[in-house]
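In: model this:
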Amino acid sequence: MPAHSTLRVKLIAGALTPLVIAGAFQAIYSVASQRGSARDGMVAKAHAIANLLVGNAGPSLATDDPSGVDEGLANAERDPDFGFALAVAADGHVVAYRGPKEQRDARSAAATITTWPSLTEDDDAVIASYPVTSNGKSLGEVQVGLLMSNARTQAAWSTAWSALISFFGVAAAVAVVLALAGRIVRRNREMTNLLDNMDQGFLSMSRDGTLAPERSKKAIELLGAHVEGHKLWEAMALLDADAAAWLELAWGSVLDGVMPLELTLTQLPSRLTANGRTYHIEYKPTLVGDTVGETLIVITDKTAEIARERAEASERDLLRLIERMTRDPSGFAEFVEETDRLVAHIDADTGAAVTDELRRDVHTLKGNSGIYGLTDIATRCHDLEDRILATGDVDLAIKRGIADAWHDLKTKLDMLVGTRDKHTVDVRDEDVAELRAAIARGAKPGALDAMVRTWALERTRARLERFGEHARGLATRLGKGDLEVDIDDRGLRLDRVRFRPFWSALGHVVRNAVDHGIESADERAQAGKPAHGKLTLESRLDGDAVVIEIADDGRGIDWEAVRDKARAANLPHGERADLVAAILSDGLTTRGEATQTSGRGIGLAAVREACRELGGTIDVTSEPGHGSSFCFRFPGAIAAMTTRMPRISERAS
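Out: Reported below is the predicted structural model:
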């Protein structure tokens, strides 16, 4: 039988079965109700007539007037249900009788003197017996019997009419159900055709993950036909074992209900890769109170869309690179070198093992790509981090895609603008003016030579300005309004090559300051702070040491939350120094959810390693509600020079 015909039969049977049962119960109830009503009516009428006879025949019974008693009983004969009436004297003899003669003896023999009104019933009649008294003395009794035949006949007719009405009601209901069933079947057929001709797969699963039999054509093509008791992750395992294992593990968190549903749903795998195509998975649960019930699964083929988006993102990224190269050739050349280094490290190992160095390189590449607006590479890095977190292994396809995306971008850039010389010296008008002033002052040749040699070093101001620009853009994207950035470089220049890994990693501190530290305008108003957050970026010489400091006036570090996380990770957590070491360790974060900006617990570890490579130290100071400061101090043996005396803070425009 076709599926639509089966559905029609099920709909009709499902709709009519309770209706027929209800009709049968209604008929039974109607018969019982009608009979009960008829009996109650006859009982009430028998009491009324008996009471009336006491008033009519009682006086004659008291005066021993048989003819008067007989006339009094005659009033009862006018009732259409009259069966008999009789009056009995106190000594028990029958004074008068009205009714069928053949029943006189039997009715008379059954008559007794009662103290209180009473009612008896036999197969044919309802009999009411009322005593006749005067001043507490019994004078006798009157009885009246009403026949039930008329009432039963009327009840039978009423029952028949009720049954007939019920029959027509059921017939009308059958017609309506047939019409509705046909309409539902047509709508179901139309909906099935619609879903089967969409590029999305639709199916549903119960609370324990068991898949329902109904699913769209696309879902059948992807996951196969229904298998009794099959769970979603079991069906997915045939296509993407990692995503299936991730789903089975994360679904338990959804059912536990410990964390908000919105959060646990985001932890479910949203991407499925099969047969060279990429699918997006959506989970739409129904809630029964606060409990997750049946969940609709929507699977969408995103292969073409992802390819188009990545192509568009690549073109946008190329334009951003050209713009940054034009504005800051020196910084751009270094970004390309550093990205080449990071991509080479990430792509070097073809295995699936995960190391702390790999995590830091991927996180740093993501951050640096974000600074330069390379959204495609940043997104790929974020996807790789997600997969590492979910499975503990490296997805080689994603890793290879990162390298391919960067090499493709560089190839396009070289075709457009050619290879640019990165070995240039940044000499500005102010440098020439300072040199001329030194010559005019009669500076010695050694001093002039030292001043000119500083030109081969990199200005820290350029670095700090890049971080400031990125911080303001990030604050805007995160909805934290305009960010005030103060830059004080003290004219410091540093060795470009030696400090390159440190500058690359320092972006993590800047992003954390904006994302973790700076509050929203509403939060700052409640805390009595200015509406706009403030970020201070400073470089200076302190004796023979180079100092780089990043400070914000945000919410500060929640040291107790750090202590809890450190305790859970079995890290030392007794002293403040232990807590500082904890936040600089791999994998520790106080964020509940990782984002494109932060939350992996990797960025600060990357900064720590870059600082150690230069022999530097890190000092972290923070008080809740009063901001945080990360101060990096490097020994004087590192090439560093300044051409100017320390000057007042210069605010970045």
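In: pLDDT below threshold where in the stretch 401-550 of the chain?
Out: Across the stretch 401-550 of the chain, the ranges flagged by pLDDT under 70 are 415-428, 450.
In: per-residue confidence for Met191?
Out: We have a pLDDT of 57 for Met191.
In: ignore the last one, Ala22
Out: Looking at Ala22 specifically, the model assigns a pLDDT of 70.
In: would you list the phi and psi of the closest residue to Arg387 other than its chain neighbours?
Out: The shortest distance from Arg387 to any non-neighbouring residue, by C-beta to C-beta, 6 or more residues apart in numbering, is to Asp395 (4.4 Å). For glycine as for every other residue, the C-beta is placed from the backbone atoms N, C-alpha and C. Dihedral angles phi and psi of Asp395 (degrees, to the nearest 10) take the values phi -80, psi 110.
In: contacting residues for Asp395?
Out: 242, 383-384, 387-388 (C-beta atoms under 8 Å, 6 or more residues apart in numbering).
In: most neighbours out of the residues you listed, which is it?
Out: Counting by other C-beta atoms under 10 Å, Leu384 has the largest number of neighbours within the contacts of Asp395, with 25 neighbours.
In: so Lys366 is in contact with His382, correct?
Out: Yes - judged on C-beta atoms under 8 Å, Lys366 makes contact with His382 at a distance of 6.0 Å.
In: which one's more surrounded, the two?
Out: Between Lys366 and His382, counted using other C-beta under 10 Å, Lys366 has the larger neighbour count: 28 against 21.
In: ok, and the closest non-adjacent residue to the more buried one?
Out: Nearest residue to Lys366, sequence neighbours excluded (C-beta to C-beta, 6+ apart): Cys381, at 3.6 Å.
In: okay, buried residues for stretch 560-567 please.
Out: 562-563, 565-566 (16 or more other C-beta atoms under 10 Å).
In: nope, stretch 619-631 is what I meant
Out: Of the residues in stretch 619-631, those with enough neighbours to count as buried (16+ other C-beta under 10 Å) are 620, 622, 627-631.
In: now the two most distant members of these.
Out: Gly627 and Cys631 (13.0 Å; C-beta to C-beta).
In: looking at the contacts of Asp395, which are in strands?
Out: Secondary structure from DSSP state E places none of the contacts of Asp395 in strands.
In: distance to Pro66 and pLDDT added to those residues, as JSON lines?
Out: Listed next are these as JSON lines, based on distance: C-beta to C-beta, whole Å; pLDDT from 0 to 100:
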{"residue": "Asp242", "distance to Pro66": "111", "pLDDT": "77"}
{"residue": "Asp383", "distance to Pro66": "115", "pLDDT": "84"}
{"residue": "Leu384", "distance to Pro66": "119", "pLDDT": "84"}
{"residue": "Arg387", "distance to Pro66": "114", "pLDDT": "78"}
{"residue": "Ile388", "distance to Pro66": "117", "pLDDT": "80"}
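In: redo these as CSV? Include distance to Met236.
Out: CSV is the format used below for those (distance: C-beta to C-beta, whole Å):
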residue, distance to Met236
Asp242, 10
Asp383, 18
Leu384, 20
Arg387, 15
Ile388, 20
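In: wait, which of these is closest to Ala505?
Out: Sorting the contacts of Asp395 by how near they are to Ala505, with C-beta to C-beta, puts Leu384 at the top with 18.2 Å.
In: before we move on, which element is the closest residue to the closest one other than its chain neighbours in?
Out: Counting by C-beta to C-beta, 6+ apart, Ile398 is the residue found nearest to Leu384 once chain neighbours are left out, at 4.6 Å. Using DSSP states H and E, Ile398 sits in helix 396-417.
In: with just CA atoms, put the next helix-or-strand element following that helix into PDB.
Out: Where DSSP H and E defines the elements, the next helix or strand beyond helix 396-417 is helix 429-440. Below are the C-alpha coordinates for helix 429-440, written out as PDB (Å, rounded to 0.1, in the frame of the first residue of the first chain):
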ATOM      1  CA  ASP A 429      61.900  64.300   8.600                       C
ATOM      2  CA  GLU A 430      62.200  64.400  12.400                       C
ATOM      3  CA  ASP A 431      65.200  62.100  12.200                       C
ATOM      4  CA  VAL A 432      67.000  64.400   9.700                       C
ATOM      5  CA  ALA A 433      66.100  67.400  11.800                       C
ATOM      6  CA  GLU A 434      67.500  65.800  14.900                       C
ATOM      7  CA  LEU A 435      70.700  64.900  13.100                       C
ATOM      8  CA  ARG A 436      71.100  68.500  11.700                       C
ATOM      9  CA  ALA A 437      70.500  69.900  15.200                       C
ATOM     10  CA  ALA A 438      73.200  67.600  16.600                       C
ATOM     11  CA  ILE A 439      75.600  68.700  14.000                       C
ATOM     12  CA  ALA A 440      74.800  72.300  14.700                       C
END
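In: now the angle from the helix or strand following helix 429-440 to helix 429-440?
Out: As assigned by DSSP H and E, the chain's next helix or strand after helix 429-440 is helix 445-453. The directions of helix 445-453 and helix 429-440 differ by 180 degrees, with axes from the mean of the first three to the mean of the last three C-alpha atoms, to 10 degrees as the criterion.
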